[in-house]
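Chemist: The following comprises the amino acid sequence and a computationally predicted model.
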Amino acid sequence: MGDRGVVIVGAGECGARAAFALREEGYAGCITLIGAERHMPYERPPLSKDGMSADAPGIKTIAEASRYESAAIRLMLSAEVVSIERAEKSLVLGDGTTIPYEMLLLATGARPRLLPLAEKSRHCLYLRTHDDAGLIATRLKPGSRVIIVGGGFIGLELAAAARGRGCEVTVLEAMPRLLSRAVPEEIATVLAEAHRGNGVDILFGASLTAIEDNDSGVEVRLGDGSTLQADLCVIGIGAIPNTDLADRAGLAVENGICVDETLRTEDPAIFAAGDCCSFPLSIYAGRRVRLEAWRNAQEQGTLAAGNMLGRHAAHISVPWFWSDQYDLTLQIAGLADEGKTIIRREMGDGAFILFHLADDGRLVAASGIGQGNAVARDIRLAEMLIARRAVPVVDKLADAGIKLKSLLAA
Ligand code: FAD
């Protein structure tokens, strides 16, 4: 590789991991990590969980400043890349500075999907960054009325955290149940019961017709003519990948920056990884997916680093995601959106796992819920079965008396 070095755009989970992985892989050239946020790269998952337990959320950095220094990683914060000049192999920053690159990694993540109705409201907030979390956390006072628009993972974690701070919480969900695209109904039901049991009001099938600030906060009007008054409204209706840079540079974008299984774009000098990219997953017949998941961002950062150095390794990991709400932890391995499900119960304290089988009997996903780590080990084993493309005997999957480890050995 030439002496222009590797430049990484996006100093989040994926970008920071990639920078360290380059050094761990023995790369001795320049590494520049550019991030639009003002903070050192930090973990996002705590923002909707422990981070909300105090007025001023702490920040869990991925590494101390000294680690970047000793790895000779040039960290440029509060710096936004505004264009990629592919012919010159350089980047332009918002202040006009030009940065040359030999290899480029786009790890630009995602941003919240905006709700047009909420555009003018000062009381409607979104949660993606540490600064967003700070704005929300200071407003979670005991007795405050909080409306959460969207019963997705972030909204639900925030609902649990807001209850923990003594707020009155209402979740507005457009669909007839929670997390309709992400988890099976059985799990959604457990979560809905947990929220209701903890005093959260959930309105299903809620369509919003207007959002307006008034003297006592914000008023949300629903399709059935009813209105709700709140002090704070947090919108959690999903995220969209940050693909604008790639798009303007003429790279293919299809629900994320398009990369091949080695995370390379159609430009051999440009890779993309983490929440911003869509990639083919070989264990699902090459289906193109985009994941918004912490472990995926880490793994892809590491993989992209090696591949920028010429390793040509394919991304073959089984997707994995977790969410914490109250004392419950939900874990999902694989893509849980196809096939029939087999349930394994009697795992203690109400914990259970649903196994998802494709038409040919292959295990394609497992989703489980329970207190603390109740399902962690079995989800890990299921992940290994999925990676092996196992076709397990249905009765054995359903029987909690049969250890999943024995299926793995078979
Ligand atoms: P990001 O972390 O979004 O980082 C991208 C960075 O790039 C950002 O800092 C952005 O400012 C910067 N950037 C973008 N464009 C530019 C530009 N042009 N110039 C310079 N910088 C730029 N996942 C789980 O598996 N489990 C969880 O429980 C969980 N909880 C979560 C809770 C919250 C509140 C959030 C927001 C996410 C959660 N996630 C969770 C998802 C996980 O955090 C993400 O998948 C992960 O952060 C993605 O990492 P990334 O580096 O791809 O993107």
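Modeler: Perfect, I can see it now.
Chemist: do stretch 90-99 and the ligand meet at all?
Modeler: No: applying CB under 6 Å from any ligand atom, one finds stretch 90-99 separated from the ligand by no less than 8.0 Å. Yep, even glycine has a C-beta here, placed from its N, CA and C like the rest.
Chemist: Ignore what I typed, I meant stretch 280-289.
Modeler: No: shown here: stretch 280-289 not in contact with the ligand (CB under 6 Å from any ligand atom), separated by at least 13.1 Å.
Chemist: Name the residues of that stretch that are buried.
Modeler: Using 16 or more other CB atoms under 10 Å as the test for burial, stretch 280-289 gives 280-281, 283-284.
Chemist: Let me know the closest of these to the ligand.
Modeler: Closest to the ligand out of the buried residues of stretch 280-289 is Leu281 (16.0 Å), distances taken as CB to the nearest ligand atom.
Chemist: isn't that closest one right next to Arg287, touching?
Modeler: Yes: if you go by CB atoms under 8 Å, Leu281 and Arg287 touch, sitting 5.7 Å apart.
Chemist: what is in contact with these two at once?
Modeler: Jointly contacting Leu281 and Arg287 under the rule CB atoms under 8 Å, 6 or more residues apart in numbering are Leu335.
Chemist: ends of stretch 200-207, how far apart?
Modeler: One end of stretch 200-207 sits 18 Å from the other (CA to CA, to the nearest Å).
Chemist: do stretch 368-388 as well
Modeler: 20 Å.
Chemist: same deal with stretch 237-256?
Modeler: 18 Å.
Chemist: If you count neighbours, what's buried in stretch 32-49?
Modeler: Across stretch 32-49, burial judged by 16+ other CB under 10 Å covers 32-37, 40-49.
Chemist: Filter the buried residues of stretch 280-289 down to the ones in strands?
Modeler: 280-281 (DSSP state E).
Chemist: Can you pick out the most distant pair from the buried residues of stretch 280-289?
Modeler: The most widely separated members of the buried residues of stretch 280-289, counting by CB to CB, are Pro280 and Ile283 (10.3 Å).
Chemist: Spell out which residues sit in contact with the closest residue to Leu208 other than its chain neighbours, please.
Modeler: In space, and not counting its chain neighbours, Leu208 is closest to Leu117: 5.8 Å by CB to CB, 6 or more residues apart in numbering. Contact partners of Leu117, counting by CB under 8 Å, 6+ apart, are 208-211.
Chemist: ok, and the most crowded of the residues you listed?
Modeler: Highest neighbour count within the contacts of Leu117, by other CB atoms under 10 Å: Ile211, with 24 neighbours.
Chemist: what's the strand or helix carrying that one packed up against?
Modeler: Secondary structure assignment for Ile211, by DSSP states H and E: strand 208-214. Secondary-structure packing of strand 208-214 (3 or more CB pairs under 8 Å, 6 or more residues apart in numbering; DSSP states H and E): strand 217-222.
Chemist: how far away is Gly310 from Arg345?
Modeler: 49 Å (CB to CB, to the nearest Å).
Chemist: Ok, Asp201 next?
Modeler: 29 Å.
Chemist: Any idea how far the lowest-mean-pLDDT helix or strand in the chain is from the middle of the chain?
Modeler: Among the helices and strands of the chain, helix 404-409 carries the lowest confidence by mean pLDDT, DSSP states H and E, at a mean of 88. Distance of helix 404-409 from its chain centroid, counting by CA atoms, centre = their mean, to the nearest Å, is 30 Å.
Chemist: quick one on the thing from earlier: out of the buried residues of stretch 32-49, which sit inside helices?
Modeler: Under the assignment DSSP state H, those contribute nothing to helices.
Chemist: show me which of these neighbour the ligand.
Modeler: Among the buried residues of stretch 32-49, the ones lying near the ligand by CB under 6 Å from any ligand atom are 34-37, 44-45, 47-48.
Chemist: re earlier: for Gly5, state which of the contacts of Leu117 is nearest.
Modeler: For the contacts of Leu117, the residue nearest Gly5 by CB to CB is Ile211; the value is 47.0 Å.
Chemist: give me the beta-bridge partners of the closest one?
Modeler: Beta-bridge partners for Ile211, by DSSP bridges, are Val220.
Chemist: separation between it and the ligand?
Modeler: 22 Å (CB to the nearest ligand atom, to the nearest Å).
Chemist: Right, I'll call it a day here.
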